[in-house]
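K.L.:
Sequence and predicted structure are below.
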Amino acid sequence: MPKYKKRRTCKPMREINMAEAMLKLKMSTSPVMVQFKAAWCGACEMATPELQEAACDLEGKMEVVQVDVDKNSMLASEFGIDAYPTVAVIHRGQVLAKEVGAAKAKDYKRLAQEFLEKGGYVDPWSPAL
């Protein structure tokens with residue numbers, strides 16, 4: 001009998017708008033993982049389920065959100081995002097780390113792990129990574 005991966009239930013990733021992003025990405029006391037994506041982007045569609053799986057594992061540890069670059073192109077520009085999909089860890093307006101292109105859930109979890117090991121705390125005086 002084949003083994004099937006048990007599906008977990010967790011909160012779906014939420015798409016945020018420009019106003020919400022400014023608050024969440026510039027003022028949050030903990031890092032936020034953000035997927036910059038576009039509806040027309042095939043690689044974005046491939047990356048989203050993998051990121052959702054990572055988001056389930058990160059639930060309660062790090063918030064994971066999405067930004068539609070077609071609706072929020074200025075936001076992508078502000079963070080220097082010019083390829084899609086890009087998943088970035090952002091804290092107080094700084095991109096701390098990023099993964100460009102479609103990746104596996106383990107890659108997204110690895111991206112978050114460094115910040116989780118510090119208890120989600122990032123020294124505001126240290127230079128951006």
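P.N.:
That came through fine.

K.L.:
Every contact and neighbour count from this point should use C-alpha atoms.
P.N.:
Fine.

K.L.:
Which secondary structure state is assigned to Ala19?
P.N.:
Three-state assignment for Ala19 (DSSP: H, G, I helix; E, B strand; the rest coil): helix.

K.L.:
Just give me how far stretch 81-95 sits from the chain centre.
P.N.:
Computed by CA atoms, centre = their mean, to the nearest Å, the chain-centroid distance of stretch 81-95 equals 7 Å.

K.L.:
ok, residues contacting it?
P.N.:
For stretch 81-95, the external contacting residues (CA atoms under 8 Å, 6 or more residues apart in numbering) are 25-38, 41, 43-44, 47, 76, 79, 96-102, 108, 111-112, 122, 124, 128-129.

K.L.:
Ok, stretch 55-71 next?
P.N.:
Outside stretch 55-71, the residues within contact range by CA under 8 Å, 6+ apart are 8-11, 13-17, 30-39, 75-76, 109, 112, 116, 120.

K.L.:
And stretch 103-115, by the same measure?
P.N.:
Outside stretch 103-115, the residues within contact range by CA under 8 Å, 6+ apart are 31, 33, 47, 50-54, 57-58, 62, 87, 89, 97-99, 121-122.

K.L.:
Only the buried residues of that stretch, if you could.
P.N.:
For stretch 103-115, the neighbour count (16 or more other CA atoms under 10 Å) marks Ala103, Ala105, Tyr108, Lys109, Leu111, Ala112, Gln113, Phe115 as buried.

K.L.:
ok so, going back, now intersect the contacts of stretch 55-71 with the strands, please.
P.N.:
Arg14, Glu15, Val32, Met33, Val34, Gln35, Phe36, Lys37 (DSSP state E).

K.L.:
Tell me which two in the residues you listed are the farthest apart.
P.N.:
Using CA to CA, these reach their maximum pairwise distance at Val32 and Lys37, which is 15.6 Å.
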